[in-house]
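K.L.:
Predicted model and sequence below, questions to follow.
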Amino acid sequence: MANSTPTPDPPGTLVISLDFEINWGVRDQQTLAQYGPHLLGVRQAVPAMLELFAEYGLHVTWATVGLLFFRTKAELLAHLPAVQPQYADANLSPYLALDAVGEDEAHDPYHFGHSLIQQIIATPGQEMASHTFCHYYCLERGQTLESFRADLQAAADTAAGQSLTLKSLVFPRNQYNANYLEACRAAGITSYRGNEQSWIYKERSEEQQALYKRGARLLDAYVNLSGRHTTRWADMGRSFPYNIPASRFLRPWSGRFKALEGLRLRRILNGMEQAAQRGEVFHLWWHPHNFGQHLTENMAVLRRIAEHFRRLQARYGMQSLSMAEVAERLHSLSTSAPA
């Protein structure tokens, strides 16, 4: 029987999710010669972010590629899923490039992240979540529901081996696939990060990417083309697993666009303010490797965001929740609603 006393509506909420992938997330687009310094910079960026998150009491979801969990290559090879995606574009599959992986984290900081994962789980308020096992692309030709299920199971088993339970999911490259939500539910996933409600951000395969859409997303980071994308709690609670949509991607600091930095930051702060005032959710996301270069400048921007959160917390009672905590609150709201 439902509780006759409804749970009060939650206050405005800041959700932060990070796509933690190192080279597994960029290997099909960038070479180590091109992007290696950004990936090595993750080793300094993750501790710096964790220190700031702890300072401001920010709860953060780290959607982590399962292949990063291992200590050695031998351990990694022993845990590969039996069913793997057979992409039409073979370059998309990391399984065909395992020969290039080193023996362990000390010898190959691009493909192992166990020590960083240990720092994350040791920091209060941080959630370890899934970015799939192999940075799986759910909209590419050749992959199937069967291989997606095997991938989720491999990620869950790997995390369980380190006493972790993965409850939240971020689809790699934001390739959301509604046909796969039942598999997510069966794997224990309670929430996922959906895409912003705009043609600019509609999920698409790599083949469907277009230069004008990339340009529109870049412009939207500085000028309000698509809205602020705050989300009502009631809208998130309409289906399960719960969709906690993205609001804004925190683009890395760029010297080329230095004159526009104020506009980029204002887009984020205004969205946070709207969520705080309306009792809605603002979901900010980025990759740790976005901070791999220009760490000082990127951390200065992140501190401005954290300071704004603190002001909104004092004025409106804004809270910081991980994706799993949002899902728990949504479940509580649904069970307390009048019958």
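P.N.:
Structure's in. What do you need?

K.L.:
Quick check: buried residues in stretch 321-339?
P.N.:
Buried residues in stretch 321-339, counting neighbours by 16 or more other Cβ atoms under 10 Å, are found at 321-330, 333. Placement of C-beta: from N, CA and C, glycine included.

K.L.:
Tell me where the stretch 1-150 of the chain is predicted with low confidence.
P.N.:
For the stretch 1-150 of the chain, the stretches flagged by pLDDT under 70 are 1-7.

K.L.:
quick one: the strands in it?
P.N.:
With DSSP state E, counting those that start in this stretch as the criterion, the stretch 1-150 of the chain has strands at 13-20, 60-64, 126-130.

K.L.:
Those strands: which one's closest to L284?
P.N.:
Proximity to L284 (Cβ to Cβ) singles out strand 13-20 among those, at 5.2 Å.

K.L.:
Reformat the buried residues of stretch 321-339 as TSV; add pLDDT, secondary structure and distance to P8.
P.N.:
Below are these laid out as TSV (pLDDT from 0 to 100; DSSP: H, G, I helix; E, B strand; the rest coil; distance: Cβ to Cβ, whole Å):
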residue	pLDDT	secondary structure	distance to P8
L321	98	coil	15
S322	98	coil	20
M323	98	helix	21
A324	98	helix	21
E325	98	helix	16
V326	98	helix	16
A327	98	helix	18
E328	97	helix	15
R329	96	helix	11
L330	95	helix	14
L333	89	helix	10
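
K.L.:
of all the residues you listed, which comes closest to D89?
P.N.:
M323 (29.9 Å).

K.L.:
how about the nearest residue to G12, chain neighbours excluded?
P.N.:
Once its chain neighbours are removed from consideration, G12 has its nearest residue in A276; the separation is 3.7 Å (Cβ to Cβ, 6 or more residues apart in numbering).

K.L.:
average pLDDT across the helix or strand encompassing that neighbour?
P.N.:
Using DSSP states H and E, A276 sits within helix 261-278. Rounded to a whole number, the mean pLDDT of helix 261-278 is 93.

K.L.:
Summarise which helices and strands it is packed against.
P.N.:
strand 13-20, strand 248-249, strand 281-286, helix 295-316 (3 or more Cβ pairs under 8 Å, 6 or more residues apart in numbering; DSSP states H and E).

K.L.:
Off-centre distance for that helix?
P.N.:
If you compare the mean C-alpha spot of helix 261-278 with that of the full chain, they lie 19 Å apart, counting by Cα atoms, centre = their mean, to the nearest Å.

K.L.:
got it, and stretch 28-43?
P.N.:
With Cα atoms, centre = their mean as the basis, the distance from the averaged C-alpha position of stretch 28-43 to the chain average is 19 Å.

K.L.:
before we move on, the earlier item: dump the residue contacts of the residue nearest to G12.
P.N.:
Residues in contact with A276 (Cβ atoms under 8 Å, 6 or more residues apart in numbering) are 11-12, 312, 315-316, 318.

K.L.:
ranking the helices and strands packed on helix 261-278 by burial, who's on top?
P.N.:
Neighbour counts (mean count of other Cβ atoms under 10 Å) averaged over each of the helices and strands packed on helix 261-278 peak at strand 13-20, with a mean of 26.

K.L.:
For R232, which non-adjacent residue is closest in space?
P.N.:
Closest residue in space to R232, ignoring its immediate chain neighbours: E280 at 5.5 Å, by Cβ to Cβ, 6+ apart.

K.L.:
Now that neighbour, what are its backbone angles?
P.N.:
The phi and psi values for E280, taken as degrees, to the nearest 10, are phi -120, psi -170.

K.L.:
surely it meets P11?
P.N.:
No: taking contact to mean Cβ atoms under 8 Å, the distance of 9.6 Å between E280 and P11 leaves them out of contact.

K.L.:
Okay, helices next: where are they in the stretch 1-150 of the chain?
P.N.:
Listed in chain order, the helices of the stretch 1-150 of the chain (DSSP state H, counting those that start in this stretch) span residues 32-40, 42-56, 73-77, 114-121, 145-160.

K.L.:
So which of these is nearest E103?
P.N.:
With distances scored as Cβ to Cβ, the stretch of these nearest to E103 is helix 73-77 (5.2 Å).

K.L.:
coming back round to it: got the buried residues for the helix holding A276?
P.N.:
Of the residues in helix 261-278, those scored as buried under the neighbour-count criterion (16+ other Cβ under 10 Å) are 261, 264-265, 267-276.

K.L.:
relative to strand 13-20, how tilted is that helix?
P.N.:
Going by axes from the mean of the first three to the mean of the last three Cα atoms, to 10 degrees, helix 261-278 is angled at 130 degrees with respect to strand 13-20.

K.L.:
between helix 261-278 and strand 281-286, how many degrees?
P.N.:
Our comparison of helix 261-278 with strand 281-286, counting by the same axes, to 10 degrees, yields an angle of 150 degrees.

K.L.:
Using CSV, write down the CA coordinates of helix 261-278.
P.N.:
In CSV, the C-alpha atoms belonging to helix 261-278 read as follows (Å, rounded to 0.1, in the frame of the first residue of the first chain):
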residue,chain,number,x,y,z
GLU,A,261,35.4,31.9,-22.2
GLY,A,262,32.9,34.1,-20.3
LEU,A,263,30.1,33.0,-22.6
ARG,A,264,30.9,29.3,-22.2
LEU,A,265,30.9,29.6,-18.4
ARG,A,266,27.8,31.7,-18.4
ARG,A,267,25.8,29.0,-20.3
ILE,A,268,26.6,26.5,-17.6
LEU,A,269,26.0,28.8,-14.6
ASN,A,270,22.7,30.0,-16.0
GLY,A,271,21.5,26.5,-16.4
MET,A,272,22.5,25.7,-12.8
GLU,A,273,20.7,28.7,-11.6
GLN,A,274,17.5,27.8,-13.5
ALA,A,275,17.6,24.3,-12.0
ALA,A,276,18.1,25.7,-8.5
GLN,A,277,15.2,28.1,-8.8
ARG,A,278,12.8,25.6,-10.3
